[in-house]
Structure formats: C-alpha cells, structure tokens
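A predicted structure for the sequence below; I have some questions about it.
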Amino acid sequence: MGQKLHILGAGREVGRAAIAVEREGRFILLDYGVTFDDNDIPVLPLTIPPSRIKAHIVTHSHLDHVGASPLLYISAEPRAYMTPITRDISRLMLYDFLKISSYYLPFETAEVDRFLGSVEPVDYGSERSIDGFTMRFSDAGHIPGSTMVLLETSGKRILYTGDVNTIETRLVGPADTSNMDAEVLIIESTYGDIDHADRRIVEDRLIESVKEVVENGGTVLIPAFSLSRSQEILALLAERLRNIPISYDGMIRPITEIMLRYKKYIRRPEALEEVEKRCIQVDSWSMRRKIWREPGVIVASAGMLKGGPALYYLKRIADNKNSAVFLVSYQGKNTPGRMLLEKGVFMENGPRVVARIEWFDFSAHAGRTGLLSIVKNLKSLEKIVIIHTDPDVGEAFANTVKRETGIDTILPRVGDVIEIL
C-alpha cells in the first residue's frame with residue numbers, strides 16, 4: 001500500500017513546518033508549527049482530521065515547529081513524541097506564545113496542557129512502533145534535544161530532518177546520520193544556496209568587535225533568539241571576555257535553567273554553568289534602565305527585534321555612535337532586524353540608527369555543503385522533498401542536488417500532496 005506526503009506547511013517558505021505522512025487514511029504528523037505575517041499575526045498550517053493522527057512527532061521546540069500543535073488537541077488526543085527537554089521548553093514557549101498572541105489563536109492553555117500531557121518522551125537512538133510505522137529518533141544537531149526521525153513502513157524508509165546542522169557548536173554536536181539510510185528524504189533547506197563562514201572565524205570576529213566597542217566606552221546589544229542562540233552566544237562571551245560585564249534579559253534565563261536540568265543534551269554543560277556564574281541576569285526594570293548606560297554587553301530577546309527587551313535597549317543606544325548592535329540570528333523578511341541591516345532603521349520612516357550595526361553568522365542550520373553531505377550519505381535514495389526554504393533558495397538547492405546526484409527532487413508548495421512509495 002502506497003503512502004502520501006501532505007505538505008501542510010513549510011512548502012516554499014521558512015517556518016510553519018508541518019508534514020503529514022498518510023497510510024491507508026491514517027497519519028503520522030511531523031511537526032506542526034506557525035509562521036507570522038507582516039503584521040506579526042500567527043499563520044497556522046493546513047489541517048487534517050486530528051482523530052486520524054496516530055502519532056505527532058515534534059522535532060524541537062521552536063515555534064515554527066511546535067506552535068500550532070495544541071490546535072490538534074481540541075477534539076482529539078494523539079500521542080506526541082519528543083525528547084523530554086523539548087517537552088519542557090515547549091511548555092515555556094507555548095505559554096509565552098499565548099500570552100502574546102492569544103487573540104489570534106484558536107486554542108487556550110487547556111489545549112497546551114492536553115498536548116503536553118499526551119507526550120511519550122523519546123531519546124536519541126530510541127524506537128517506537130505504531131500503526132504499521134516504526135519511528136527511530138536521532139540527534140539533528142540543531143538545538144539541545146532536537147531530533148531527526150526515520151519512519152519505516154512496508155519495508156520502505158522516510159527520513160525527516162526537521163531543522164538540522166552538521167557542525168559542532170558550543171551547545172550541541174553535529175547531526176547523527178551514522179548507520180542511516182532511506183528511500184525518501186524530507187530535508188530542510190533554509191540555507192541551501194550558501195555555505196556558512198567558519199564558526200571559529202566568526203567567533204573571533206565577534207569577540208574582537210565587542211572589545212573594540214566596549215574599550216571605546218560603548219554598549220553592545222546582541223539581540224538573539226531566547227532558545228539556543230542566546231545560550232550559544234553567552235557561553236562564548238563568558239569564556240572569552242573575562243573583564244567585560246555581560247548581561248542577559250528576557251526568556252533566556254528560564255530556558256537556560258531548563259537546559260541545565262537536561263545536561264545530557266548539552267555538549268559542554270560546564271559552559272552554561274559558567275554563564276550562570278559569570279553573567280548578570282536582568283530581573284527588574286531598575287536593572288534594565290541601568291545596565292545600558294555603562295560599557296558592556298547585553299544579550300536580549302527577541303532575535304529579530306520584533307519586541308522584547310532587545311527593542312527597549314535598541315531605542316536607548318540607537319543614537320550613540322560609540323555603541324553597537326550585533327545581530328546573530330536569522331532576520332526574516334520585513335522584520336525590524338532585516339530593516340536595520342538593509343536600511344539602517346528599525347521602523348518605516350524611523351530615525352537612522354547611529355550605532356554601529358553588524359551581522360554575524362551563528363546559524364544553527366546546515367549550509368549547502370552540510371545539506372549535500374546528508375543527501376550523499378543516504379545510499380538508497382529515490383526521492384528528495386525540499387522544504388523549509390524560500391523559493392529561490394529551494395530552487396538553487398534542488399538544482400544542485402539534481403546536478404550532483406541525479407535523484408528525483410521535489411520543491412513542493414503548501415497544499416501539495418506527493419505520492420512517495
């Protein structure tokens with residue numbers, strides 16, 4: 001009996017990951033995330049009947065992979081599979097999401113609790129079987145606790161990467177594709193058209209740039225995603241900047257606390273422990289008003305400057321030529337962060353930012369060469385489905401894959417249904 005892939009999200013777009021594998025009218029759901037429109041209103045994936053979902057796999061706890069999951073638990077309660085650290089961070093992320101966007105969301109805290117109550121925790125290397133599918137989970141190398149999943153049914157194998165990285169970082173090691181093979185690959189391609197700069201060179205450049213600004217009496221603001229990117233940056237700063245004040249603000253603190261409860265998912269837990277000892281946690285408005293006035297570094301959410309304490313600090317240092325804003329996170333189209341990089345302002349018709357502005361590539365996604373290495377490691381591939389990518393980037397990666405491997409490669413749109421086996 002053949003299977004179908006339903007592209008419920010992430011087709012020719014970055015974010016809103018949601019892929020359903022159908023077999024005989026029943027589904028294995030791979031992620032169920034959200035994206036946001038130009039007005040920062042959540043955009044949900046397409047729907048399938050929740051009662052026909054036999055397993056809901058969540059690869060990691062970024063909202064573009066888990067943000068819509070509670071919607072499935074209004075009328076049903078499918079079993080969810082994820083690592084325990086993903087479960088605990090997802091709770092924090094979803095409650096915060098409701099706090100900010102509840103007006104636009106068709107679920108409430110009760111559905112979040114039902115979703116998280118349905119979780120069966122899994123670990124790297126573990127297997128589960130349900131409804132004719134065997135599910136095997138492995139490390140995706142993206143953030144602590146992130147997974148890839150290999151589905152096997154009727155003697156055929158489907159590998160879904162989720163978000164994936166193939167290099168070692170301070171927080172996690174590279175994706176584990178050892179002893180793995182599949183006939184169908186569903187792969188992200190956020191950066192399928194470029195290779196990232198060498199991480200050590202980027203780290204050195206950031207450290208030297210911070211020193212330059214602080215030694216000149218300025219403040220460095222580093223807007224960063226609360227989940228993983230902030231911890232990565234803080235670990236680097238704490239290790240390399242011994243005599244410079246380092247502060248962090250926003251949801252970074254509770255997420256760091258969760259990570260330290262699950263040290264097995266952290267490559268160097270001692271680096272995060274050093275962050276807690278060495279860095280200053282901003283926990284009041286009085287601290288917030290004070291720290292930007294003195295030379296030092298502030299790591300704050302949100303990474304695209306769409307809100308949070310980072311926006312507060314930016315407004316305070318924007319007209320100081322001795323200060324700097326160092327962006328280290330992906331900057332989506334039409335976000336204040338992208339506007340700052342491209343136009344030197346963070347709002348339409350707003351004042352020009354005088355502070356120094358730079359971007360440093362600390363991506364947690366594999367670049368073109370890393371993605372190709374995953375493709376080439378799978379010797380039995382018959383079909384590749386490219387998702388989680390802007391159309392131009394996806395086209396470039398698809399052409400590269402076809403040229404170098406000759407394998408049937410598809411770049412689907414949201415709503416497409418693909419016969420796979």
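Structure received.

show me what contacts the residue nearest to residue 319 when sequence neighbours are not counted?
Among residues not flanking residue 319 along the chain, residue 354 sits closest, at 4.9 Å (C-beta to C-beta, 6 or more residues apart in numbering). (Each C-beta comes from the backbone N, C-alpha and C, glycine too.) Contact analysis of residue 354 by C-beta atoms under 8 Å, 6 or more residues apart in numbering lists 318, 319, 320, 321.

kindly report the same for residue 376.
Here residue 376 is in contact with 404, 405 (criterion: C-beta under 8 Å, 6+ apart).

what strand or helix carries residue 253?
Element membership of residue 253 [criterion: DSSP states H and E] is helix 252-261.

name the next helix or strand downstream of that helix, please.
Remark: after helix 252-261, the chain's next helix or strand is helix 269-278, criterion DSSP H and E.

mind listing what's buried along that following helix?
Using 16 or more other C-beta atoms under 10 Å as the test for burial, helix 269-278 gives 269, 271, 272, 273, 275, 278.

please apply the same query to stretch 331-349.
331, 332, 335, 336, 337, 338, 339, 340, 341, 346.

what separates it from the chain centre, distance-wise?
Relative to the chain's own centre, stretch 331-349 is displaced by 20 Å; criterion: C-alpha atoms, centre = their mean, to the nearest Å.

can you list contacts of it?
14-15, 36, 38, 223, 303-306, 311, 314, 318, 325, 327, 329, 351-353, 357, 359.

that one - what's its average pLDDT?
In this model, stretch 331-349 has an average pLDDT of 90.

is residue 159 bridged to anything, and to what?
Counting by DSSP bridges, residue 159 is bridged to residue 150, residue 185.

and it, how many neighbours?
24 (other C-beta atoms under 10 Å).

any idea whether the residue nearest to residue 319 is helix, strand or coil?
Under DSSP: H, G, I helix; E, B strand; the rest coil, the three-state class of residue 354 is coil.

re the thing from before, now a ChimeraX select for only the buried ones of the contacts of stretch 331-349.
Those of those that count as buried under 16+ other C-beta under 10 Å are selected in ChimeraX with:
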select :14,15,36,223,303,304,305,306,311,314,318,325,327,329,353,357
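
which ones among the contacts of stretch 331-349 lie within helices?
If you go by DSSP state H, the contacts of stretch 331-349 have 311, 314 in helices.

would you map the strands across the stretch 151-300 of the chain?
Taking DSSP state E, counting those that start in this stretch as the criterion, the stretch 151-300 of the chain carries its strands at 156-160, 184-188, 219-223, 246-249, 280-281, 296-300.

of the ones you listed, which is nearest residue 370?
Nearest of the strands of the stretch 151-300 of the chain to residue 370, taken as C-beta to C-beta: strand 184-188 at 10.7 Å.

helices or strands up against the closest one?
When contacts are defined as 3 or more C-beta pairs under 8 Å, 6 or more residues apart in numbering; DSSP states H and E, strand 184-188 packs onto strand 156-160, helix 368-377, strand 383-387.

got a list of what the residue most central in space within the chain touches?
Most central in the chain under C-alpha atoms, centre = their mean is residue 62, positioned 4.9 Å from the mean C-alpha point. Contact partners of residue 62, counting by C-beta under 8 Å, 6+ apart, are 33, 93, 143, 163, 225, 227.

closest to residue 76 among the residues you listed?
Closest to residue 76, out of all of those and judged by C-beta to C-beta, is residue 33, at 18.6 Å.

roughly how far does residue 2 sit from residue 132?
Residue 2 sits 13 Å away from residue 132, going by C-beta to C-beta, to the nearest Å.

sec struct for the residue nearest to residue 6 when sequence neighbours are not counted, please.
Leaving aside its sequence neighbours, residue 6 sits nearest to residue 20 (C-beta to C-beta, 6+ apart; 4.1 Å). Applying three-state DSSP to residue 20 yields a three-state assignment of strand.

number of residues surrounding residue 20?
Neighbours of residue 20 under the rule other C-beta under 10 Å: 24.

test my guess that it contacts residue 26.
No - Residue 20 is beyond contact range of residue 26, at 9.9 Å (criterion: C-beta atoms under 8 Å).

hey, what's in contact with both of the two?
Here residue 20 and residue 26 have residue 53 as joint contacts, going by C-beta under 8 Å, 6+ apart.

one step back: next one: the residue nearest to residue 319 relative to residue 90, how far apart?
In terms of C-beta to C-beta, residue 354 sits 39 Å off from residue 90.

what's the answer for residue 352, then?
From residue 352 over to residue 90 (counting by C-beta to C-beta), the distance is 39 Å.

repeat for residue 138
For residue 138 relative to residue 90 (C-beta to C-beta), the value is 19 Å.

okay, those two: which has more neighbours?
Between residue 138 and residue 90, counted using other C-beta under 10 Å, residue 90 has the larger neighbour count: 29 against 21.

excluding its backbone neighbours, what's nearest the more buried one?
Distances taken as C-beta to C-beta, 6+ apart place residue 61 nearest to residue 90, at 4.2 Å, with adjacent residues excluded.

ok now do the one you found, which residues does it touch?
Neighbouring residues of residue 61 by C-beta under 8 Å, 6+ apart: 82, 86, 89, 90, 93, 143, 145, 227.

can you rerun that using 6 Å?
Going by C-beta atoms under 6 Å, 6 or more residues apart in numbering, residue 61 touches 86, 89, 90, 93.

then residue 359?
Residues near residue 359 by C-beta under 6 Å, 6+ apart: 327, 341.

near the closest residue to residue 163 other than its chain neighbours, how many other residues are there?
Leaving aside its sequence neighbours, residue 163 sits nearest to residue 142 (C-beta to C-beta, 6+ apart; 4.3 Å). Residues near residue 142, counting by other C-beta under 10 Å, number 27.

residue 248 too?
Neighbourhood size, residue 248 [other C-beta under 10 Å]: 26.

go on, residue 171?
Neighbours of residue 171 under the rule other C-beta under 10 Å: 23.

now do the SS call for residue 8.
Quick answer, by three-state DSSP: residue 8 is strand.

so it sits against residue 47, correct?
No - counting by C-beta atoms under 6 Å, residue 8 does not reach residue 47; the two are 7.4 Å apart.

between those two, point out the one with more neighbours.
Under the criterion of other C-beta under 10 Å, the comparison of residue 8 against residue 47 puts residue 8 first, with 26 against 13.

and that one, how far from residue 414?
From residue 8 to residue 414 the distance is 7 Å (C-beta to C-beta).
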